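A.B. asks: Here you go, sequence then predicted model.
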Amino acid sequence: MKQLTKGTYYGTHYQKSVLDGLIITDTEYTHKHVDWHRHENPYFTYLLQGKLFEANKKQEHYLTSGSLLFHNWQDSHYNTKPDDFTRGFHVELNAEWFKQHDLSSQCIEGSHLIENPKIKSLMNLIFMESKINDAHSQLSIDGLILTAFDQMRHDFTDRSFKQVSWLVKLKEVINDTDDTYSLTSLSDLLGIHPVHLSREFHRLFGMTFGQYFRFIRINKAFNLLVNNTMSMTDVCYACGFYDQSHFIRDFKRIYNKRPTEFLRMLKLYN
């Protein structure tokens with residue numbers, strides 16, 4: 001089986017940034033099929049545009065824009081893609097990076113599809129920092145990755161997640177951004193008292209339902225802006241915002257930039 005060396009991915013790199021212990025690439029996938037392979041280092045794959053099917057020995061994932069995967073170094077996989085334009089963002093971490101931050105490279109084993117919208121928002125911030133790529137970007141990116149790992153360890157290793165029987169159904173419901181739910185309607189769907197549902201959700205995810213939904217909508221808007229195929233008004237309404245002022249306020253609160261500032265940054269650094 002082929003093992004790819006550090007910083008190597010199938011496709012054409014728009015940008016490749018080599019930092020201390022990190023390699024960040026912005027890549028267009030050009031191969032319709034990539035046979036079984038593995039990578040030298042652990043890394044994140046964040047699909048910015050298009051679609052991708054990826055499978056390992058345990059799981060299969062049908063990825064669309066906004067999907068986020070984490071692969072540890074030992075995990076082998078293959079992928080296929082349709083004829084559509086497909087673009088991925090990779091954050092690769094070597095052994096020295098883990099050592100510098102007193103973190104085991106085995107802290108998260110195997111491959112994981114990451115659904116937590118808070119972690120995806122951290123990846124969006126890493127993407128923005130990688131485009132700026134100035135003297136302060138390394139510090140910012142290191143902190144964002146460490147925060148992501150902390151949340152991932154909580155999500156993937158906390159036994160309380162496995163003990164919650166209604167969690168899978170809840171995730172299916174709340175990841176549908178086209179619908180709006182009240183606490184009462186969610187509790188009716190799950191057959192759980194609203195007070196217990198609200199308390200348990202906050203304990204598991206560290207945020208309220210309202211905050212969770214906002215992250216989902218803003219992350220969807222982020223990806224649509226990266227794709228640059230829709231007007232600001234269309235992005236606003238496609239993501240369920242009441243109006244542009246509502247959209248701008250929430251976007252700036254999470255990403256410290258207005259959507260128009262983000263678009264200008266993309267034009268400048270892409």
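C.D. replies: In hand now; what should we look at? Numbers count the residues shown, from 1 in each chain.
A.B. asks: ok, and M123, which helix or strand is that part of?
C.D. replies: Assigned by DSSP states H and E, M123 belongs to helix 117-132.
A.B. asks: any idea how far that helix is from the chain center?
C.D. replies: The chain centre lies 8 Å from the centre of helix 117-132; the measure is Cα atoms, centre = their mean, to the nearest Å.
A.B. asks: Please apply the same query to stretch 83-90.
C.D. replies: 14 Å.
A.B. asks: before we move on, what about stretch 262-270?
C.D. replies: Distance, stretch centre to chain centre, for stretch 262-270: 20 Å (Cα atoms, centre = their mean).
A.B. asks: what does that stretch contact?
C.D. replies: 14-15, 128, 131-133, 222, 225-226, 228, 251, 255, 257 (Cβ atoms under 8 Å, 6 or more residues apart in numbering). C-betas here are computed from N, CA, C, even on glycine.
A.B. asks: buried residues in whatever helix or strand N223 lives in?
C.D. replies: For N223, the host element (DSSP H and E) is helix 209-227. Within helix 209-227, the residues scored as buried using 16 or more other Cβ atoms under 10 Å are 209, 212-226.
A.B. asks: now swap in stretch 84-94 and tell me
C.D. replies: Buried positions in stretch 84-94, judged by neighbour count with 16+ other Cβ under 10 Å: T86, R87, G88, F89, H90, V91, E92, L93, N94.
A.B. asks: Next, the contact list for the second one, please.
C.D. replies: When contacts are counted by Cβ under 8 Å, 6+ apart, R87 touches Y14, D26, T27, E28, Y29, L47, L48, Q49, G50.
A.B. asks: which one among the contacts of stretch 262-270 gets closest to N72?
C.D. replies: Closest to N72 out of the contacts of stretch 262-270 is Q15 (24.3 Å), distances taken as Cβ to Cβ.
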